[in-house]
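Undergrad: just coords:
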């Protein structure tokens, strides 16, 4: 089968490899679409989490069941499905509380076992969810990143009617803005330097968009909210967005980190101390895929605008990874192995 094989930083190739074989408790999925995530980009540039050579990347994927193992009872050939890529050890304190996303030994398809940038992938039965007929494969490829933002909203102190700010309008920031809209935010600020992404933010929940290269985002947010938002979220992951998002929260408000930071940052706790702001964080998701599938299928969360391109797996390096690194007009690129 055709797949994207990862060897090391900036060294990944589309190659023909042997189609994976089933075991008794697994499901073979013919991949329809797999989304390129920021984590995929990070690994492409700087190998951090990948544990083996010749790993197949891709953890945001959906497709059709073509074969099931002898012990599989919940699925059959022809089922349209999406795959939750992560799992925990099942034995640690986090796992026993259901928080497998914070398991010290958490694993993921596309990082620790072969993922979705391939024609076929074999996955554990418990990681598979059936799709309703009205949810397209394209939207189903967004279940995973939408789960990330829904988990963040649930983990934060956000309440219906709150004012919020989102720093960064990449796929996670855009989906976060749209999810906050669906959850009942009264005013949503999105801070983003790229014009195309600011336009997408307007389509996905934002009431006010700010270009921080031309305007003082913190000043605008504080003036329009009488001192700051109830909750601010960093979906960009750099020092300036961390500090500005913290400043944008009102006294006794909350600042939540949703992004992955590639580099350490400088942070002075004095402003947090004198205003008793809370800094929290949200990692991935747990026990939430079924709810996300329902929300997307009902149109409660309108995720379509985040998809800016669909490409063949043959073009995944130049038109996928390399393009996303330089062209910030692109947002979510879906890859088809067909």
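TA: Right, received. Where do you want to start? Keep in mind it's a predicted model, so treat the numbers as computed, not measured.

Undergrad: contacts, neighbours, all on C-alpha from now
TA: Will do.

Undergrad: Residue 137 reaches residue 62, doesn't it?
TA: Yes: counting by C-alpha atoms under 8 Å, residue 62 is a contact partner of residue 137 at 6.4 Å.

Undergrad: Show me whatever sits in contact with both of those two.
TA: Residues touching both residue 137 and residue 62 (C-alpha atoms under 8 Å, 6 or more residues apart in numbering): 32, 33.

Undergrad: Who has more neighbours out of these two?
TA: residue 62 (32 against 21; other C-alpha atoms under 10 Å).

Undergrad: The nearest residue to the more buried one once chain neighbours are set aside and residue 51: what is the separation?
TA: Leaving aside its chain neighbours, residue 62 sits nearest to residue 82 (4.3 Å; criterion: C-alpha to C-alpha, 6 or more residues apart in numbering). Going from residue 82 to residue 51 by C-alpha to C-alpha, to the nearest Å gives 24 Å.

Undergrad: Likewise for residue 132?
TA: Computed as C-alpha to C-alpha, the residue 132 to residue 51 distance reads 34 Å.

Undergrad: Between these two, tell me which one has more neighbours.
TA: Neighbours of residue 132 and residue 51, each counted by other C-alpha under 10 Å, are more numerous for residue 132; the result is 15 against 11.

Undergrad: which SS class is the more buried one?
TA: coil (DSSP: H, G, I helix; E, B strand; the rest coil).

Undergrad: who does the closest residue to residue 225 other than its chain neighbours bridge with?
TA: Distances taken as C-alpha to C-alpha, 6+ apart put residue 163 closest to residue 225, at 7.7 Å, once the chain neighbours are dropped. For residue 163, the beta-bridge partners under DSSP bridges are residue 187.

Undergrad: What number of neighbouring residues does residue 163 come out with?
TA: By other C-alpha under 10 Å, the residues close to residue 163 number 23.

Undergrad: which residues touch it?
TA: 185, 186, 187, 188, 225, 229, 230, 231.

Undergrad: before we move on, what about residue 190?
TA: Contacts of residue 190 were listed using C-alpha under 8 Å, 6+ apart, and they are 165-169, 177, 198, 201, 206-210.

Undergrad: Can you lay out those residues as TSV showing pLDDT and secondary structure?
TA: As requested, the contacts of residue 190 are exported to TSV (pLDDT from 0 to 100; DSSP: H, G, I helix; E, B strand; the rest coil):
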residue	pLDDT	secondary structure
165	98	strand
166	98	strand
167	98	strand
168	98	coil
169	97	coil
177	98	helix
198	98	helix
201	97	helix
206	97	coil
207	98	coil
208	98	strand
209	98	strand
210	98	strand
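
Undergrad: Among these, which pair sits farthest apart?
TA: Taking C-alpha to C-alpha, the two most distant members of these are 168 and 207; they sit 14.7 Å apart.

Undergrad: So which of those two has more stuff around it?
TA: Neighbours per residue, other C-alpha under 10 Å: of residue 168 and residue 207, the larger number sits with residue 168, 27 against 16.

Undergrad: Which parts of the stretch 151-300 of the chain are strands?
TA: Counting by DSSP state E, counting those that start in this stretch, the segments of the stretch 151-300 of the chain that form strands are 163-167, 187-191, 208-210, 229-234, 249-257, 278-281.

Undergrad: Next, the angle from the fourth one to strand 187-191.
TA: In this structure, strand 229-234 runs at an angle of 30 degrees to strand 187-191, with axes from the mean of the first three to the mean of the last three C-alpha atoms, to 10 degrees as the basis.

Undergrad: the helices in the stretch 51-200 of the chain, which residues?
TA: Counting by DSSP state H, counting those that start in this stretch, the stretch 51-200 of the chain has these helices, from start to end: 93-96, 137-140, 143-155, 171-183, 195-203.

Undergrad: which stretch among those helices comes nearest residue 21?
TA: Residue 21 lies closest to helix 137-140 among the helices of the stretch 51-200 of the chain, at 23.8 Å (C-alpha to C-alpha).

Undergrad: And the contacts of the closest one?
TA: Defining contact as C-alpha under 8 Å, 6+ apart, one finds that helix 137-140 is touched by 32, 33, 61, 62, 63, 82, 131, 293, 296, 303, 304, 334.

Undergrad: Now do the same contact list for the first one.
TA: Same thing as residue 32. Contacts of residue 32 by C-alpha under 8 Å, 6+ apart are 61, 62, 63, 64, 119, 137, 336, 337, 338.

Undergrad: where's the third one relative to residue 321, distance?
TA: Between residue 63 and residue 321 the distance, using C-alpha to C-alpha, works out to 22 Å.
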